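Student: quick one: sequence plus predicted model below, questions after.
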Amino acid sequence: MANYQITLRDGVRENITEADAYCQEGTMTTFFKTSTDRRVIDSWSTRLASFRTTEVMTIKRCL
């Protein structure tokens, strides 16, 4: 399981723990915890956090 650190446009850093994957959903970037070790986003995945994609400057995966 990985963690992600994102930096927003205003310089705020957010840590998303227990996230396995992320993807863009319309105007939002959403982080997910997957239900299997495959790290595939499917109907069993749990949404952990969402941010407006235009506000996200960087996404860094941390092990």
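Tutor: Arrived safely, thanks for sending.
Student: in stretch 24-42, what's buried?
Tutor: The neighbour-count check on stretch 24-42 (16 or more other Cβ atoms under 10 Å) flags 28-34, 41 as buried. Where C-beta positions appear, they are placed from N, C-alpha and C, glycine not excepted.
Student: repeat for stretch 44-57
Tutor: Those would be 45, 48-49, 51, 56, for stretch 44-57 by 16+ other Cβ under 10 Å.
Student: from the centre of the protein, point out the most distant residue.
Tutor: The centre of the chain is farthest from one residue, Asp10, which by Cα atoms, centre = their mean lies 18.1 Å away.
Student: contacts only, for that residue.
Tutor: By Cβ atoms under 8 Å, 6 or more residues apart in numbering, the contact list for Asp10 reads Glu55.
Student: for the residue nearest the centre of the chain, name its beta-bridge partners.
Tutor: Of all residues in the chain, the one closest to the mean position by Cα atoms, centre = their mean is Phe31, 2.7 Å from it. Beta-bridge partners for Phe31, by DSSP bridges, are Tyr22, Ala49.
Student: look up how far Cys62 lies from Thr34.
Tutor: Per Cβ to Cβ, to the nearest Å, Thr34 is found 17 Å from Cys62.
Student: what's the answer for Tyr22, then?
Tutor: Tyr22 sits 13 Å away from Cys62, taking Cβ to Cβ as the criterion.
Student: joint contacts of those two?
Tutor: Overlap between the contact sets of Tyr22 and Cys62, as judged by Cβ under 8 Å, 6+ apart, is given by Tyr4.
Student: what about those two, which has more around it?
Tutor: Neighbour count, other Cβ atoms under 10 Å: between Tyr22 and Cys62, Tyr22 has more, with 22 against 11.
Student: what residues are up against the more buried one?
Tutor: Going by Cβ under 8 Å, 6+ apart, Tyr22 touches 4, 29-32, 59.
Student: with distance to Thr17 added, can I get the residues you listed in TSV?
Tutor: Below are those laid out as TSV (distance: Cβ to Cβ, whole Å):
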residue	distance to Thr17
Tyr4	8
Thr29	16
Thr30	15
Phe31	10
Phe32	13
Ile59	14
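Student: I'm done for today, thanks for sticking with me.
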